[in-house]
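Participant: Have a look; sequence and predicted model below, questions after that.
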Amino acid sequence: MKQRKILTIDDDEDVNNLISVILKKNDYDYRTCEDIKEYFSQVVQYQPNLCLVDLNLGNFEGFGFGIIETMRKKIGHDMIIIVMSRRSKPEDINRALECGANDYIQKPIDENILISKLNIFLEKNNDDISFPDRPIPGGDQDATFEIPMNITSISEKSIFLYSRSYIAKGSLISLHNSFFKGFKFGVQSVTLNRELGGYIIEIHVDKEEHTELLPEIRKMMLQCPPVDED
Amino acid sequence: MAVKSKVILLIDDDLDMLNYLRKLLENVGHTIHTAQDLKTAQHKLTTVFPHLVLLDINIEDENGFTFIDEIRKVDPYKRIKIIMISSLSSKKALATSKNYETDGYLVKPVNNDILLTTMKKISPNLGFPEANKLERNFAGVMCKLIGNITKISEVKLTFRSKVKFTEKQKLNLNSAFIDKLEIDHAQFIIQKPSIDVSPGVYDTEAQIIGLNDNDLKEIRKIKTKKG
């Protein structure tokens, strides 16, 4: 089970106190600090699992997003960093995430949100606190998502792709890159590849449906160097 | 007899010859493209990438041979088969053709039987080997799938799909509903492996990160229970 040591840095003593009360109530270990120097020394000494960082620390040159970048440089990417801020514009939030923060909580801190996020990040299942799931009406459920894949071999009849996630046979997929431009295929077979630790997905090229794709496939096949024959 | 349909490019400035060859080869089941000059031939070559080229070497003042170099530019490993057609059975033409290493030679007027025999002989060898080592920028591809987002809370959502996730990863997820809630700026992280619902159907939980208080308000507007 993951440990639960939280280190908070905020130059506002009241915020630190509030967080301490919440964390104590929920059986988390915690330490707080008010300046960046103390923060880095605590990271070394205390070795927290997660840090709560005020995005608007006052006494740091280039404060704000620069703090996160500096933290990442110094302590690496394993540490979970959640930034706190009154700033709430999506652009600001995304910038914080791009700089290396794992998540964002708006101030004033909501106890339930804070604990829920800590539980998820630190993999503690606590259904007492978790927020109720709200069912989404059937008509609004449609979604699309993307997963990256690599083409392992291609011919005019079939294409094989490597995927780290398992995709069920019969799934309808569309492929996107400068070459595929959204052509649709059905998954014909899925094979576990133990060596690579993922799956090889087979799809078939259809003469009618994929007419425009065939010359591109031939072009690619012509440019591919021969495999050495033993 | 069933024939695997191949893509053939015919290059000849003689329209009658082109039509004759086209009819014959289409009857056998192949897909035919034609060109009456080398410029058109070049264009067709680089848009069609045929399995076989029938090339009139007398085209454009006996410059048909130069086109072979053009073919090799797009086909460095010599997989496109080339049959030359000449109206001269001159020794010079034959010798030059040997220098160029092609796959066959026909003399005009082309005889039906000889053409069909030549095609029969070459057909098993038409086609390119499977490509296994692709350049980086072609090998990488994004696979899009559909799913259903069935529930949502202030910190996570659950969606149902035909994909079983096993690793922690950031998920690129889009839906009209997410847009409607105006939380499309949020990021979604899969923290736990998907759960089997039924064969080929999986439920996946994704943590929602980067929400501000307004976003939470929007989510809270969604009813928690039916009715």
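Facilitator: Right, received. Where do you want to start?

Participant: State the next helix or strand along the chain beyond the lowest-mean-pLDDT helix or strand in chain B.
Facilitator: The helix or strand of chain B with the lowest confidence, counting by mean pLDDT, DSSP states H and E, is helix B:91-99 at a mean of 69. Where DSSP states H and E defines the elements, the next helix or strand beyond helix B:91-99 is strand B:104-107.

Participant: And that next one, what does it pack against?
Facilitator: Secondary-structure packing of strand B:104-107 (3 or more C-beta pairs under 8 Å, 6 or more residues apart in numbering or on different chains; DSSP states H and E): strand B:81-86, helix B:112-122. For every residue, glycine as well, the C-beta is placed using N, CA and C.

Participant: Give me the sheet partners of the lengthiest strand in chain B and which way each runs.
Facilitator: The residue-count maximum for a strand in chain B (DSSP state E) belongs to strand B:140-152. If you go by DSSP bridges, strand B:140-152 pairs up with strand A:134-135 (antiparallel), strand A:142-154 (antiparallel), strand A:172-176 (antiparallel), strand B:156-161 (antiparallel).

Participant: got a list of contacts for the third one?
Facilitator: What that stands for is strand A:172-176. Here strand A:172-176 makes contact (C-beta atoms under 8 Å, 6 or more residues apart in numbering or on different chains) with A:146, A:149, A:167, A:182-187, A:203, B:141-146.

Participant: Narrow the residues you listed to those that are buried.
Facilitator: Buried members of the contacts of strand A:172-176, scored by 16 or more other C-beta atoms under 10 Å in any protein chain shown, are A:149, A:167, A:183, A:185, A:187, A:203, B:141, B:143-146.

Participant: Show me which of those is closest to residue A:141.
Facilitator: Among the buried ones among the contacts of strand A:172-176, residue B:146 lies closest to residue A:141 (C-beta to C-beta), at 10.2 Å.

Participant: ok, the closest one - contacts?
Facilitator: Contact analysis of residue B:146 by C-beta under 8 Å, 6+ apart lists A:142-144, A:172, B:161.

Participant: same question, residue B:160
Facilitator: B:147-148, B:150, B:197, B:201-204 are the contacts of residue B:160 under C-beta under 8 Å, 6+ apart.

Participant: and which of these is nearest to residue B:173?
Facilitator: Checking these against residue B:173 by C-beta to C-beta gives residue B:147 as the nearest, at 8.1 Å.

Participant: For the closest one, which non-adjacent residue is spatially closest?
Facilitator: residue B:161 (3.4 Å; C-beta to C-beta, 6 or more residues apart in numbering or on different chains).

Participant: show me where the chain has helices.
Facilitator: I went with chain A, as the question did not name one. A:13-25, A:36-46, A:65-75, A:90-99, A:111-121, A:213-223 (DSSP state H).

Participant: Wait, chain B was what I had in mind.
Facilitator: Applying DSSP H to chain B gives helices spanning B:15-27, B:38-48, B:59-62, B:64-74, B:91-99, B:112-122, B:136-139, B:176-180, B:213-220.
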